[in-house]
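Asker: Turn this into a model:
(one chain, ligands or ions: 1)
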Amino acid sequence: MTEAAFEVAAVLARSGSPSPGPEARQLVAHVLGVDVASLIRIDGVTRAQRAAIDALVERRAAGEPLQHLTGEAHFRYETVAVGPGVFIPRPETEVMVGWALDQLAARPADRRRVVELCAGSGAITASLAHELGGLELHAVELSDAALPYLRHNLAGTGADVVHGDMADALPQLDGQVDLVIVNPPYIPETHRALLPSDVVDHDPGLALFSGPDGLDAIRTVVRVAGRLLRAGGLLATEHDDSHAADVVELVAGAGFEDVSSQYDLTGRPRFVTGVRGADGGRIAP
Ligand SMILES: C[S@@+](CC[C@H](N)C(=O)[O-])C[C@H]1O[C@@H](n2cnc3c(N)ncnc32)[C@H](O)[C@@H]1O
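Answerer: Residues are numbered from 1 along each chain as shown. Next comes the predicted model:
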């Protein structure tokens with residue numbers, strides 16, 4: 001079996017895959033319907049399995065994301081369903097979720113109402129639901145194409161899935177939410193041509209781009225968080241690593257307190273947190 005995985009890895013390496021070995025093992029395991037750890041116990045592949053592997057390798061070599069070929073993505077302890085039309089969750093978002101879990105765990109049981117804006121596949125909300133009990137969860141997503149993935153991935157978590165624009169979502173919760181968490185679109189439109197084709201051709205534009213400076217969605221997030229959060233409620237918003245100072249300014253400028261720039265696993269500034277003050281964090285639409 002390792003032989004087939006080695007051959008696949010060699011093809012992927014030649015096609016420029018950044019991690020041919022792990023990708024090869026995942027593709028082969030996917031076709032065989034086993035987990036990667038079990039590959040070592042498999043003696044060989046049938047002709048039909050080999051053909052299926054080769055077909056996937058060809059698609060991967062042509063630039064399709066591995067996660068679209070296997071239909072799943074891994075995020076913290078979650079495996080979520082993904083495919084064309086929904087953003088593939090990225091590891092750089094995982095630290096923000098850890099921060100949120102620590103904050104929520106330290107709060108009283110009646111102060112654990114959470115709204116995730118721009119929920120995509122639901123990886124963030126699913127992690128919150130499974131890693132800490134007793135949360136009231138709401139997940140807001142605008143994209144029609146992402147909605148089936150979001151509903152599927154959050155089935156059984158008790159999360160309320162809201163299909164709509166974050167700008168006017170959940171007005172019935174105004175002033176009653178304890179945490180707003182969001183990984184919004186944040187790439188400047190002007191950077192479209194600079195992105196690798198496996199991102200720009202396969203992640204939906206609505207998930208990536210946000211106005212000329214990349215900050216349009218975050219401006220909306222700050223406004224919506226000011227509306228939804230109660231005094232003392234928390235905002236955590238991911239951002240492009242070049243935008244830390246801008247996002248700190250936007251959040252602090254809206255009257256949030258204890259505004260802090262936080263780092264991802266690679267040491268890059270990746271998300272900003274703030275506390276809605278008694279009078280701050282509410283700005284006019
Ligand atoms: C970067 S993706 C993040 C998805 C998911 N939270 C994650 O971290 O994997 C941003 C998501 O925001 C959604 N989105 C963009 N504009 C929105 C809006 N105005 N209201 C709600 N969702 C929006 C996109 O469709 C996309 O699913």
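
Asker: make it CA atoms for all contacts and neighbour counts henceforth
Answerer: OK.

Asker: Please, which helix or strand holds Gly120?
Answerer: Assessed by DSSP states H and E, Gly120 sits outside every helix and strand.

Asker: Pretty sure it sits against Asp144.
Answerer: No. Between Gly120 and Asp144 there is no contact under C-alpha atoms under 8 Å: 10.2 Å.

Asker: Quick one: the helices in the stretch 101-250 of the chain, in order.
Answerer: Applying DSSP state H, counting those that start in this stretch to the stretch 101-250 of the chain gives helices spanning 123-131, 147-154, 197-200, 205-208, 216-228, 244-253.

Asker: picking that back up, looking at Gly120 and Asp144, which is more packed in?
Answerer: More crowded of Gly120 and Asp144, by other C-alpha atoms under 10 Å: Gly120, with 30 against 12.

Asker: still on that earlier bit, so which of the helices of the stretch 101-250 of the chain comes closest to Pro18?
Answerer: Closest approach to Pro18 among the helices of the stretch 101-250 of the chain is made by helix 197-200 (12.0 Å; C-alpha to C-alpha).

Asker: The closest residue to Gly232 other than its chain neighbours pairs with what?
Answerer: In this structure, Gly232 finds its nearest non-sequential neighbour in Arg276, 5.2 Å apart by C-alpha to C-alpha, 6 or more residues apart in numbering. Counting by DSSP bridges, Arg276 is bridged to Phe256.

Asker: Quick check: Arg276 vs the ligand, distance?
Answerer: 21 Å (C-alpha to the nearest ligand atom, to the nearest Å).

Asker: do Ala245 as well
Answerer: Applying C-alpha to the nearest ligand atom to Ala245 and the ligand gives a distance of 20 Å.

Asker: Ends of stretch 132-141, what's the gap?
Answerer: Stretch 132-141 has an end-to-end distance of 22 Å (C-alpha to C-alpha, to the nearest Å).

Asker: Please see if it touches the ligand.
Answerer: Yes. With C-alpha under 6 Å from any ligand atom as the criterion, the ligand is reached by stretch 132-141 at Val140, Glu141.

Asker: chain center to that stretch, what's the gap?
Answerer: 15 Å (C-alpha atoms, centre = their mean, to the nearest Å).

Asker: Next: stretch 116-127.
Answerer: 6 Å.

Asker: ends of it, how far apart?
Answerer: One end of stretch 116-127 sits 12 Å from the other (C-alpha to C-alpha).

Asker: most centrally placed residue in the protein?
Answerer: Nearest residue to the geometric centre of the chain (C-alpha atoms, centre = their mean): Pro89, 3.6 Å.

Asker: Quick check: it vs Ala81, distance?
Answerer: Taken as C-alpha to C-alpha, the span from Pro89 to Ala81 is 10 Å.

Asker: burial of Val11, as a residue count?
Answerer: Counted with other C-alpha under 10 Å, the neighbours of Val11 add up to 19.

Asker: ok, now Ala278?
Answerer: Other residues close to Ala278 by other C-alpha under 10 Å number 14.

Asker: Helix, strand, or coil at it?
Answerer: Under DSSP: H, G, I helix; E, B strand; the rest coil, the three-state class of Ala278 is coil.

Asker: the bottom helix or strand of the protein by mean pLDDT?
Answerer: Every helix and strand in the chain was compared by mean pLDDT, DSSP states H and E; the lowest is helix 197-200, with a mean of 77.

Asker: Could you find the closest non-adjacent residue to Glu94?
Answerer: Once flanking residues are discounted, Glu94 sits nearest to Arg76: 6.3 Å by C-alpha to C-alpha, 6+ apart.

Asker: Any regions of this protein where pLDDT drops low?
Answerer: 1-2, 279-285 (pLDDT under 70).

Asker: repeat that for 80
Answerer: Under the criterion pLDDT under 80, the flagged ranges of the chain are 1-4, 18, 197-199, 279-285.

Asker: Can you pull the residues of it lying near the ligand?
Answerer: By C-alpha under 6 Å from any ligand atom, the part of the chain that sits against the ligand consists of 87-89, 118-123, 140-143, 164-166, 183-185, 206-208.

Asker: ok, and the closest non-adjacent residue to Ala10?
Answerer: Nearest residue to Ala10, sequence neighbours excluded (C-alpha to C-alpha, 6+ apart): Pro20, at 7.2 Å.
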